[in-house]
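Novice: Mind folding the following:
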Amino acid sequence: MAWGRQAYDCDRKQNHLMPKKTQSTGKRFNTGEEPEDNRNNDLQELFLDELADVYSAEQQLIKALPKVAKNADSDELREAVEEHLEQTKEHAKRLEEVARGLDQSIKRKTCAAMKGLVEEANEVMREQKGSSALDAAIIAGAQKIEHYEIASYGTLIAWANQLGYSEQVEELQQTLEEEKETDEKLTSLAEEMANQRAQAE
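Specialist: Okay, the predicted model is just below:
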């Protein structure tokens, strides 16, 4: 039966050319890269955590700034602090809007960095009470706080851009610009005070 032999040989050739099936182990090959969805989820969690951190920082400032304004010697510095207090209240509300726009709620968290900065500012005010350098000390502490907030909002904006949160970027950018303006105002006050001291001498 020659035809049977030919058919058998043909089957052997076909089987030789076909790729071998391997038994599935149920494991995925590790390519060293996470799926994009996982990376975005991780970044979103990080963004929301930082949002909570900055919100806590703003809340701490709302409580701390009235005391700073009360201790300031110069009217100009007192007015600047009081003005920034009102801005800070708006910044906190803006963060709530950012979370609400993402259908999220801000989790409870204490910003350890701001807590430390506020404690340091309070300590300096106690040490410099009655001193001609009190306002200079207040400005130095306030600018440390502003620089921390500027860095924090810059980080939030970068992550929001990466996540495609365009509306939230606009809100955060507005706050960042206001923080920078406050820092510049404090610098101007410090320079004016330095000039006044130079003239008095």
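Novice: CA-only coordinates of whichever strand or helix holds residue 121 in PDB, if you can.
Specialist: Assigned by DSSP states H and E, residue 121 belongs to helix 112-128. What follows is helix 112-128, C-alpha atoms only, in PDB (Å, rounded to 0.1, in the frame of the first residue of the first chain):
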ATOM      1  CA  ALA A 112       5.100  66.500  58.800                       C
ATOM      2  CA  ALA A 113       7.200  68.900  56.800                       C
ATOM      3  CA  MET A 114       4.800  71.800  57.400                       C
ATOM      4  CA  LYS A 115       4.400  70.900  61.000                       C
ATOM      5  CA  GLY A 116       8.100  71.200  61.400                       C
ATOM      6  CA  LEU A 117       8.300  74.500  59.600                       C
ATOM      7  CA  VAL A 118       5.500  76.000  61.700                       C
ATOM      8  CA  GLU A 119       7.100  74.800  64.900                       C
ATOM      9  CA  GLU A 120      10.400  76.400  63.800                       C
ATOM     10  CA  ALA A 121       8.700  79.700  63.000                       C
ATOM     11  CA  ASN A 122       7.000  79.800  66.400                       C
ATOM     12  CA  GLU A 123      10.300  79.000  68.200                       C
ATOM     13  CA  VAL A 124      12.100  81.900  66.300                       C
ATOM     14  CA  MET A 125       9.300  84.300  67.100                       C
ATOM     15  CA  ARG A 126       9.600  83.400  70.800                       C
ATOM     16  CA  GLU A 127      13.300  83.900  70.700                       C
ATOM     17  CA  GLN A 128      13.200  87.200  68.800                       C
END
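Novice: Contacts for it, please.
Specialist: 53, 56-57, 60-61, 64, 67-68, 71, 134, 137-138, 140-142, 144-145, 148 (Cβ atoms under 8 Å, 6 or more residues apart in numbering). Where C-beta positions appear, they are placed from N, C-alpha and C, glycine not excepted.
Novice: Just the pLDDT at residue 164, thanks.
Specialist: Per-residue confidence at residue 164 stands at 96 (pLDDT).
Novice: which parts of the helix or strand hosting residue 135 are buried?
Specialist: Secondary structure assignment for residue 135, by DSSP H and E: helix 134-163. Under the neighbour-count criterion of 16 or more other Cβ atoms under 10 Å, helix 134-163 has 134-139, 141-142, 145-146, 148-150, 152-153, 155-157, 159-160, 163 buried.
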